[in-house]
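Enquirer: Got a predicted model here, sequence first, then my questions.
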Amino acid sequence: MKKIALITTALALLASPVLAEEAKTVGTAPAEAKFSTVAGNEMFSSKLKGLNVYNQKDESVGEITDIAIKNNAVDALILSVGGFLGMGEHYVAVSPSSVNVRHDAKNDKWVASMNTTKEALKAAPEFKYPK
């Protein structure tokens, strides 16, 4: 009988923090939470990453590999330039305003273009990820 009472008390003590925690998470969102609606034709980072960037001569000059965000806004697009199959490539950070990203409705795909050359991007200062 003492074992049953001890087990019941232990279970009650173990269950009480869980119930108390549940009570804290139930309710409405905090007043400072803001929500947005997103249209289907908006650009998503998952579509931007890996996108080849072409120049005015329709030559591939790089690939968008990452996005740098600063103060809640896109600060730079990180492009992989040069190299072949991952060998000899390096990264450059370019201003998002220098890359034109648009949806090609005819082919139903995103395209990126930039007024530059492969050589200019290869000669640009190399971006290195901070440690």
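Expert: All right, it came through fine. Numbering: from 1, shown residues only.
Enquirer: Any idea what N52 is bridged to?
Expert: E63 (DSSP bridges).
Enquirer: Can you report how many residues lie near it?
Expert: Applying other CB atoms under 10 Å, we find 14 residues neighbouring N52. Any C-beta I mention is one placed from the backbone N, CA and C, and that applies to glycine too.
Enquirer: now do the one 3 residues further on
Expert: Counted with other CB under 10 Å, residues neighbouring N55 total 17.
Enquirer: Distance of A123 relative to I67?
Expert: 23 Å (CB to CB, to the nearest Å).
Enquirer: what's the distance between V38 and F44?
Expert: Using CB to CB, we find V38 at a distance of 8 Å from F44.
Enquirer: Quick check: chain neighbours aside, which residue is closest to the most centrally placed residue in the chain?
Expert: By CA atoms, centre = their mean, the chain has its centre lying nearest to S45, at 5.0 Å. Closest residue in space to S45, ignoring its immediate chain neighbours: I67 at 5.7 Å, by CB to CB, 6 or more residues apart in numbering.
Enquirer: Repeat that for V101.
Expert: Nearest to V101 is A112, by CB to CB, 6+ apart, at 4.8 Å.
Enquirer: Let me see the confidence value for F84.
Expert: On pLDDT, F84 comes in at 66.
Enquirer: K131 too?
Expert: On pLDDT, K131 comes in at 86.
Enquirer: what's the answer for E22, then?
Expert: Note on E22: pLDDT of 46.
Enquirer: what's downstream of the worst-scoring helix or strand of the chain on mean pLDDT, the next helix or strand?
Expert: Least confident helix or strand, the chain: helix 2-25 with a mean of 44, by mean pLDDT, DSSP states H and E. Following helix 2-25 in sequence order, the next helix or strand is helix 45-48 (DSSP states H and E).
Enquirer: picking up where we left off before, contact partners of the host helix or strand of the residue nearest to S45?
Expert: Using DSSP H and E, I67 sits in strand 60-70. By CB atoms under 8 Å, 6 or more residues apart in numbering, the residues outside strand 60-70 that reach it are 45, 48-55, 74-81, 91-93, 99, 112, 114, 116-118, 121.
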